[in-house]
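Trainee: What would the 3D arrangement of this be:
(2 chains, ligands or ions: 2)
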There are 2 protein chains.
Amino acid sequence: MTRKLHLALHPYGVGGPGHHGLWKDPSIAKNASIDINYYIQQAQAAEHALFDALFIVDSQFINATYPSHYLNRLEPLTLLSAVATHTKNIGLVGTASSTYNSPFNLARRFGSLDHISGGRAGWNVVTSFDTGTSRNYGLEEHLDYATRYGRALEAVQVIRGLWDSYEDDAFPADVERNVFLDPAKLHALNHVGEHFRVDGPLNLSRSPQGHPVIFQAGVSEEGRNLAAQVAEGIYAPGGSLEDAQAYYADIKRRTAEAGRDPDHIKIFIHGGPVVGSTDEAARQRAREILAEDNDFDRNVGLLGRAFGAHDFSQYDPDAPFPDVAHLAERGGRTGAARIIARAEAGGLTLRQVVETFNDHRTSPFVGAPKTVADTIEQWFAAGTFDGINLAFRNNADLALFVDGVVPLLQERGLFRTEYEADTLRGNLGLPIPANRYAADRDLVDA
Amino acid sequence: MTRKLHLALHPYGVGGPGHHGLWKDPSIAKNASIDINYYIQQAQAAEHALFDALFIVDSQFINATYPSHYLNRLEPLTLLSAVATHTKNIGLVGTASSTYNSPFNLARRFGSLDHISGGRAGWNVVTSFDTGTSRNYGLEEHLDYATRYGRALEAVQVIRGLWDSYEDDAFPADVERNVFLDPAKLHALNHVGEHFRVDGPLNLSRSPQGHPVIFQAGVSEEGRNLAAQVAEGIYAPGGSLEDAQAYYADIKRRTAEAGRDPDHIKIFIHGGPVVGSTDEAARQRAREILAEDNDFDRNVGLLGRAFGAHDFSQYDPDAPFPDVAHLAERGGRTGAARIIARAEAGGLTLRQVVETFNDHRTSPFVGAPKTVADTIEQWFAAGTFDGINLAFRNNADLALFVDGVVPLLQERGLFRTEYEADTLRGNLGLPIPANRYAADRDLVDA
Ligand SMILES: Cc1cc2nc3c(=O)[nH]c(=O)nc-3n(C[C@H](O)[C@H](O)[C@H](O)COP(=O)(O)O)c2cc1C
Ligand SMILES: Cc1cc2nc3c(=O)[nH]c(=O)nc-3n(C[C@H](O)[C@H](O)[C@H](O)COP(=O)(O)O)c2cc1C
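Mentor: Ligands and ions are numbered 1, 2, ... in the order given. The predicted structure is shown next:
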């Protein structure tokens, strides 16, 4: 059997980073990012195209310079619960911060979504990008890397423990014997760790997937180790083919070293394909998108985001890039350090840094449908990804990909022609985790 | 215009307190409490009957003695978001603890629900009944009353501030001028209080209701003062006609003393009507329900709940009620103190306390349809409630009320014959709060 690739849809609403001008597109409602019907429509279109998942990113800090979609958007869990009853097969992955939520609440909410959707929930674990988030939750400073990622790992472990509170046969609901619950099959967790103390049990039974699927996003050393230990999916930035190959190999190696099957972690890279009638038409469109987005003031704001909402508008844009190394140190921000390194290597001014800031977002998947299918096939064969998290500017671009590229991928045996399952695990080829308590008893019985 | 009464539906699922045996009812699916279709069906039935709201209670602590519906139920915000797109007019009130959630997360989630539902969200603010909840959130002890209710008040104030982050005209989305957001209309909160520090702004615009409707449940002195200061609705226990009258008058007085219009706080009492073809048939059914539920072991567990999950099974049931006064002191539990007083006054044994524990749940609304309508009219005229939060054992009981009693209430001009509005505020007759920043500017301009 050919190894199959996976596709997810990351809706941009009125425009995320790198797409500041998207709200002006007349085909997008000005309130798309807060309109549940927009998300239902996106999910249904993606499901019609047999995509694995709808993928919702998130943040909890804004200022006026932020991308339009970030300024005003629905909270992911409420959004996905509403979408769930209007779809049947597509996975529903929501981003939630392990830094600013308590494990008991996260366990309940994702468990509920898994019940509501009949087994299609996924949690994208992030430690929160925006350092300003801390001041919306009573903390003066964003927690440092070690604490954030330590907390993330322990949170996932606690939450998985809570998801196992009930064994699958805990509710005989036997009228004759007058037994609704078999109390021997309800388990407290009694977790005491470095970051959390959680007694449990959870007031919710195991959901159709056993555990919702755990995704992770964050590329630092700590982020990679978290993924290797607990993630079953990753949202990765991608970059050049060599970058993506190196990242892919690194994650699979770390996962194997952690004693897990490297096939049980599905790496999705970000992809914003631009499909045109000809290669040249598509390339021209990609250049226009990049140029349209080159709004200096907004991109200065976005640059600051990587440095803890630092205000770069205070510097002379045509002087050499300012010395902000101290801002990259706090928590060792990976993105910030990368930008400084690039500025130093190229001797760039602030303006040059800002103007090339979004260049890395340029997609490798640009061209006529056949070119895009070829590139995807080549990248896939080269060990750069298991799936692509696709973002489109509007429905017309989505349709160009779905109608033009997907059939080619299907002809080549690279993408499904029907859903394998009605759960996210089933479509991703991930096993249902055994309940830790049921397994323990097997050992005791043996 | 006659003053109109309001009706809400409180779904019992497979059985809450006082309805331990409900899961055995063959007309209720054994998984009703975790089945989103059950809730959608309940909401649609209530909307068909023109009820004001679906009201979802909640808790975050269980042990094996808890009522069946508590053991395994969906989280309210995910539940209500899924129900929202399958209904049009009915309000969606979800219970969430101000003790174990952060204001920023609550503001986003209820704001999202209000956007998703087109203006039908309500938040029932509780400080959490079960003292064991603390150990699911890293705290050894449940916070005491003063702290819990101080936190609740400050949480509501912060959340309302966050809901005002954007003025209503903050997004001109003017393509010609290239202005999506007017940054002067985005406001940080910069709250620093006793319990919370929250900078804001919220990453979500004001929702159709301005603010989701604030409910409150909790009858202590502190609970009443919280209601008087910030609540627009209350879920109250009811009790005898005299109890309900006294409570009603007390709340309206406190609300006026707090400088608010007492008509802008709608008091819903709990009501579990039992409607029969004749008064005697209904009374017989009510007795059967009470008897069926007299499961000593479960009710011992439930009794313990009021004392912080205390294990009363350790005592001789036929000895005088044990001295547990010290358990009622921690945080001054209102319910526990009431039980002790009743036991002392009557010289009751533990068994007698347990056997009469659910008696106060007996509804005053028992009889043939006309009798129930008469009683409701009489109670309503006597100043005992503005609305009733109705719980039915099953759909047949719901239908007996909707088909038998509601038309009589409508004939008498006591209940609507069509929805006044498609928002919860509109149907409850509550004003849309002005945005604090817009109001400030009016003052500055004047
Ligand atoms: C492709 C990708 C998507 C991400 N999506 C989110 C997101 O939606 N919300 C968020 O707070 N952080 C997001 N992150 C950020 C990470 O959570 C992390 O906090 C940040 O990247 C800093 O950690 P790192 O150095 O490990 O990458 C994302 C990161 C990547 C690479
Ligand atoms: C009618 C009613 C309904 C309630 N519903 C809930 C609920 O759903 N969840 C919860 O944690 N507490 C609920 N409470 C409890 C209160 O939040 C409060 O914590 C408890 O009653 C103790 O405070 P008190 O002494 O002020 O009543 C309810 C209370 C009343 C009177």
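
Trainee: Stretch A:127-142 vs ligand 1: in contact?
Mentor: Yes - Stretch A:127-142 reaches ligand 1 (CB under 6 Å from any ligand atom) through A:127-129. Placement of C-beta: from N, CA and C, glycine included.

Trainee: Helices of the stretch 301-446 of chain A, residue ranges please.
Mentor: A:325-329, A:334-346, A:350-355, A:369-381, A:395-400, A:406-411, A:424-428, A:436-445 (DSSP state H, counting those that start in this stretch).

Trainee: For B:Gly138, find the nearest of these.
Mentor: Comparing the helices of the stretch 301-446 of chain A by their distance to B:Gly138 (CB to CB), the top pick is helix A:436-445, with 21.4 Å.

Trainee: quick one: contacts for A:Pro317?
Mentor: A:296, A:300, A:349-351, A:354 (CB atoms under 8 Å, 6 or more residues apart in numbering or on different chains).

Trainee: wait, A:Ala82
Mentor: Counting by CB under 8 Å, 6+ apart, A:Ala82 has contacts A:36, A:39-40, B:81-82, B:84-85, B:116.

Trainee: do that again at 7 Å, thanks
Mentor: Going by CB atoms under 7 Å, 6 or more residues apart in numbering or on different chains, A:Ala82 touches A:36, B:81-82, B:84-85, B:116.

Trainee: Outline the domain layout of chain A.
Mentor: A:6-280+A:362-445, A:290-359 (automatic domain parsing).

Trainee: can you redo those as JSON lines with distance to B:Arg151?
Mentor: Shown next, in JSON lines, are the domains of chain A (distance: least, CB to CB, whole Å):
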{"stretch": "domain A:6-280+A:362-445", "distance to B:Arg151": "12"}
{"stretch": "domain A:290-359", "distance to B:Arg151": "28"}
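
Trainee: hang on, the earlier thing: which one of the residues of stretch A:127-142 next to ligand 1 is nearest ligand 2?
Mentor: A:Ser128 (28.3 Å; CB to the nearest ligand atom).

Trainee: so what's the residue nearest to that closest one when sequence neighbours are not counted up against?
Mentor: Leaving aside its chain neighbours, A:Ser128 sits nearest to A:Ser97 (4.4 Å; criterion: CB to CB, 6 or more residues apart in numbering or on different chains). Contacts for A:Ser97 were tallied using CB under 7 Å, 6+ apart; they are A:60, A:126-128.

Trainee: Need phi/psi at A:Ser97.
Mentor: A:Ser97 adopts backbone torsions of phi -80, psi 130, taken as degrees, to the nearest 10.

Trainee: Kindly report the same for A:Ile214.
Mentor: According to degrees, to the nearest 10, A:Ile214 has phi -90, psi 120.

Trainee: Quick check: beta-bridge partners of it?
Mentor: When bridges are called by DSSP bridges, A:Ile214 pairs up with A:Trp123.

Trainee: which stretches of chain A have low pLDDT?
Mentor: A:1, A:329-334, A:357-361, A:439-446 (pLDDT under 70).

Trainee: Tell me which stretches of it form strands.
Mentor: Assigned by DSSP state E, the strands in chain A fall at A:6-9, A:53-56, A:91-97, A:121-126, A:191-192, A:197-198, A:213-216, A:233-236, A:266-271, A:274-275, A:366-367, A:387-390.

Trainee: what packs against the first one?
Mentor: So that's strand A:6-9. strand A:53-56, strand A:266-271, strand A:387-390 (3 or more CB pairs under 7 Å, 6 or more residues apart in numbering or on different chains; DSSP states H and E).

Trainee: which parts of the stretch 1-150 of chain A sit against ligand 1?
Mentor: Counting by CB under 6 Å from any ligand atom, the stretch 1-150 of chain A sits next to ligand 1 at A:57-59, A:95, A:97, A:126-129.

Trainee: quick one: the residue of chain A most remote from its centre and B:Glu288, what's the gap?
Mentor: In chain A, the greatest distance from the average C-alpha position (CA atoms, centre = their mean) is reached by A:Glu176, at 47.4 Å. A:Glu176 sits 20 Å away from B:Glu288 when distances are taken as CB to CB, to the nearest Å.

Trainee: cool, A:Asn190 as well?
Mentor: Using CB to CB, A:Asn190 is found at 41 Å from B:Glu288.

Trainee: re the thing from before, looking at the helices of the stretch 301-446 of chain A, which is nearest to ligand 1?
Mentor: helix A:334-346 (3.2 Å).

Trainee: Can I get the closest one in PDB? Just the C-alpha atoms.
Mentor: Only the C-alpha atoms of helix A:334-346 are listed here, as PDB (Å, rounded to 0.1, in the frame of the first residue of the first chain):
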ATOM      1  CA  THR A 334      13.300  30.800  18.800                       C
ATOM      2  CA  GLY A 335      11.700  33.100  16.200                       C
ATOM      3  CA  ALA A 336      13.300  36.200  17.600                       C
ATOM      4  CA  ALA A 337      16.800  34.600  17.700                       C
ATOM      5  CA  ARG A 338      16.300  33.500  14.100                       C
ATOM      6  CA  ILE A 339      15.400  37.100  13.000                       C
ATOM      7  CA  ILE A 340      18.500  38.600  14.700                       C
ATOM      8  CA  ALA A 341      20.800  36.000  13.200                       C
ATOM      9  CA  ARG A 342      19.400  36.800   9.700                       C
ATOM     10  CA  ALA A 343      19.800  40.500  10.200                       C
ATOM     11  CA  GLU A 344      23.300  40.200  11.400                       C
ATOM     12  CA  ALA A 345      24.300  37.800   8.600                       C
ATOM     13  CA  GLY A 346      22.900  40.100   5.900                       C
END
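
Trainee: All good on my end, thank you.
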